[in-house]
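Peer 1: using only what follows, build the 3D model:
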Amino acid sequence: MNIYRNWFLASRPWSFTMTAISVSVGSALGAIDGSFSWAFYLITLLGTVLLHAATNLINDFYDVKCGVDTQEVSTAQYRPHPLVEGKLAAGHVKAAAYTLYGFSTLIGIYLAATRGWALMWIGLTGVFASLSYTAPPLKYKYSAMGEISVFLMWGPLMVAGAYFVQCQAFSMNAFWISLPFGALVALVLLANNIRDINHDRDKGILTLAIVLGQRNGLLLYALLVALAYLAIVLMSIFGPLYLWSLIVLLSLPLALRLLRLMMKQIPADADARTAQLDTAFGVLLVISLVLEGVF
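Peer 2: So this is what the prediction gives:
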């Protein structure tokens, strides 16, 4: 049973909540606009989760291969990392990642054929961004571009794709609503990179946190958290969100506690704590959209 557990942990299943939220936001907005299919929602969710799992595996593969992830890296200190720990063979991890890419691609082709070929461009963009994140020749995660990619993938791209599956059209409202959550997902990576500035600099890679420095990186982190909540308030009052969406503010105490902690001393699990904020924020946003659709 340990081998199944190792594969399960290597896929980083706790991170799939962010993908589920992005897909749910886009799908819920489609339902509000009059079109929703549980079958297409679940198929879309499966395809994106498989792509996310493939991304996690191939990211770990190249991080370990390039010597970025070692037993000493902070991430390996607070969560399981089967590849770093030698519990999985690197070649097997790479093969599993490409297998998951294959299954995700098949689902993408099916959705494009049944809902509209515009989805193919979204899928190809997602796969390209996933593969080139840490893989050569681009390896853009190591060139201070990781946060921008994460923001675009879990924000506009994934929400727009999920909306299109339901409505067979794109929506500017979905685009605007995707921005706050996409920004918070990007902060998971920023928190990780702020914590690992010294480690990453020693490994010869460049991150946004290294470019900005710790102080400015933390200021950007706090600014984006504040802007995410401000965006929800403004969109709830003036549109395209609804007054229901003000329930997202119930997660504000969690955000304030996290900001105080980050400004005082960056914790080893800074990325995990940021992901917890994302989950609370995102789940409340989805609930608000469901309430709008129902009432």
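
Peer 1: any weak-confidence spans in this structure?
Peer 2: 1, 72-78 (pLDDT under 70).

Peer 1: which residues of it fall in helices?
Peer 2: 2-10, 16-32, 38-65, 75-78, 90-115, 118-131, 146-152, 158-167, 172-195, 197-202, 208-212, 214-238, 252-264, 270-294 (DSSP state H).

Peer 1: for the fifth one, name the packing helices and strands.
Peer 2: Contact here means 3 or more CB pairs under 8 Å, 6 or more residues apart in numbering; DSSP states H and E; on that basis helix 90-115 packs against helix 38-65, helix 118-131, helix 158-167. To be clear about C-beta, it is placed using only N, CA and C from the backbone, and glycine gets the same treatment.

Peer 1: so which of the ones you listed gets nearest Asn193?
Peer 2: helix 38-65 (12.7 Å; CB to CB).

Peer 1: so that closest one versus helix 158-167, what angle?
Peer 2: Using axes from the mean of the first three to the mean of the last three CA atoms, to 10 degrees, the inter-axis angle of helix 38-65 relative to helix 158-167 is 150 degrees.

Peer 1: give the buried residues for helix 38-65.
Peer 2: For helix 38-65, burial by neighbour count (16 or more other CB atoms under 10 Å) applies to 40-41, 43-45, 47-65.

Peer 1: now stretch 280-295
Peer 2: Counting neighbours by 16+ other CB under 10 Å, stretch 280-295 gives Ala280, Phe281, Gly282, Val283, Leu284, Leu285, Val286, Ile287, Ser288, Leu289, Glu292, Gly293 as buried.

Peer 1: just the CA trace of it, in CSV.
Peer 2: Only the C-alpha atoms of stretch 280-295 are listed here, as CSV (Å, rounded to 0.1, in the frame of the first residue of the first chain):
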residue,chain,number,x,y,z
ALA,A,280,-11.5,29.8,2.2
PHE,A,281,-11.7,32.7,-0.2
GLY,A,282,-12.5,30.5,-3.2
VAL,A,283,-15.1,28.3,-1.5
LEU,A,284,-17.0,31.3,-0.2
LEU,A,285,-16.9,32.8,-3.7
VAL,A,286,-18.3,29.6,-5.2
ILE,A,287,-21.0,29.4,-2.5
SER,A,288,-22.0,33.0,-3.3
LEU,A,289,-22.4,32.2,-7.0
VAL,A,290,-24.5,29.1,-6.2
LEU,A,291,-26.7,31.2,-3.9
GLU,A,292,-27.2,33.8,-6.7
GLY,A,293,-28.1,31.0,-9.1
VAL,A,294,-30.6,29.5,-6.7
PHE,A,295,-32.3,32.6,-5.4
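
Peer 1: off-centre distance for stretch 120-128?
Peer 2: Taking CA atoms, centre = their mean, to the nearest Å, the mean C-alpha location of stretch 120-128 is offset from the chain mean by 15 Å.

Peer 1: and what of stretch 56-63?
Peer 2: 15 Å.

Peer 1: again with stretch 64-74
Peer 2: The answer for stretch 64-74 is 21 Å, by CA atoms, centre = their mean.
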